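Q: build me a model from this:
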Amino acid sequence: MDDNVTITRTYNVKPTEQYEKIVKENLIVIKNALLEGVTDFSIATVLGIPPQTYYYLTSKYPEIKAVYEQVELEQTAMVKNALLLKAKGHTVTLTDTDKTGATSSKESYYPPDTTAAIFWLTNRDRQNWQHKTAQEKGGNTYNILSIDKDTTRSDLLAMAARYKELASGADIEADVGPGAGAGAGPGPGPGPEDAEGSDSEE
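A: Have a look, this model is predicted:
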């Protein structure tokens with residue numbers, strides 16, 4: 001928070017007065033602190049307000065509630081932009097200054113990140129990506145994508161490779177199991193109907 005802001009602690013003042021005299025006068029300071037990741041507890045401590053009172057004030061008054069809503073929107077936008085850059089890949093220009101004061105620039109390229117790309121697609125293109133669990137080919141069903149809280153990075157990479165394989169039209173009949181296609185191993189044993197047929201022939 002801003003080091004130039006000094007506030008007298010007012011633990012014995014009513015919540016309404018604390019809001020009008022302290023919180024309302026420092027909405028910009030609070031917003032900047034929230035954008036920097038400062039916790040509510042720390043903000044309340046700096047403002048000289050008991051944390052529980054501060055929590056109450058943030059839920060009661062429209063002005064401070066609007067500050068929190070605006071901060072959430074801005075932080076979400078920043079994260080979305082960062083995630084999209086990582087998914088697409090991007091170039092960063094780094095500037096270095098040597099002892100003589102001369103500056104030099106160097107570009108560093110960060111390639112697309114598969115995990116970020118899948119995460120983006122499963123949330124921004126849900127119709128085609130999120131929880132799409134099956135695709136049919138030749139009458140058979142294949143499990144392609146199922147994401148939950150236990151999905152690991154390795155799982156995501158495997159899913160990405162799977163999609164790439166399907167998109168290229170590669171033969172995936174090997175996933176069906178024995179007896180699914182030409183060249184497959186021995187099929188399953190005789191079923192109940194085959195067994196009954198054998199008995200009747202005898």
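Q: now do Ala117 against Met159, distance only.
A: Ala117 sits at a distance of 11 Å from Met159 (criterion: CB to CB, to the nearest Å). C-betas here are computed from N, CA, C, even on glycine.
Q: again with Asp113
A: In this structure, Asp113 lies at 14 Å from Met159, with CB to CB as the measure.
Q: neighbour count winner among these two?
A: More neighbours surround Met159 than the other of Asp113 and Met159, with 20 against 16 (other CB atoms under 10 Å).
Q: for the more buried one, helix, strand, or coil?
A: Secondary structure, DSSP: H, G, I helix; E, B strand; the rest coil: Met159 is helix.
Q: quick one: name whatever helix or strand follows the longest helix anywhere in the chain.
A: Secondary structure assigned by DSSP state H gives helix 62-88 as the longest helix of the chain. Beyond helix 62-88 in the direction of the C-terminus, DSSP states H and E gives the next helix or strand as strand 90-97.
Q: what lies in contact with that following strand?
A: 103-110 (CB atoms under 8 Å, 6 or more residues apart in numbering).
Q: send me that strand as PDB with only the CA atoms.
A: Output for strand 90-97, consisting of C-alpha atoms alone and laid out as PDB, is shown next (Å, rounded to 0.1, in the frame of the first residue of the first chain):
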ATOM      1  CA  HIS A  90       5.000 -15.000 -27.700                       C
ATOM      2  CA  THR A  91       8.200 -13.000 -28.100                       C
ATOM      3  CA  VAL A  92       9.600 -10.800 -25.300                       C
ATOM      4  CA  THR A  93      12.200  -8.100 -26.000                       C
ATOM      5  CA  LEU A  94      14.700  -7.800 -23.200                       C
ATOM      6  CA  THR A  95      16.800  -4.600 -22.800                       C
ATOM      7  CA  ASP A  96      20.200  -4.800 -21.000                       C
ATOM      8  CA  THR A  97      22.400  -1.900 -19.900                       C
END
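Q: if we can go back for a sec, who are the packing partners of the longest helix of the chain?
A: Using 3 or more CB pairs under 8 Å, 6 or more residues apart in numbering; DSSP states H and E as the contact criterion, the secondary-structure elements in contact with helix 62-88 are helix 27-35, helix 51-60, helix 114-124.
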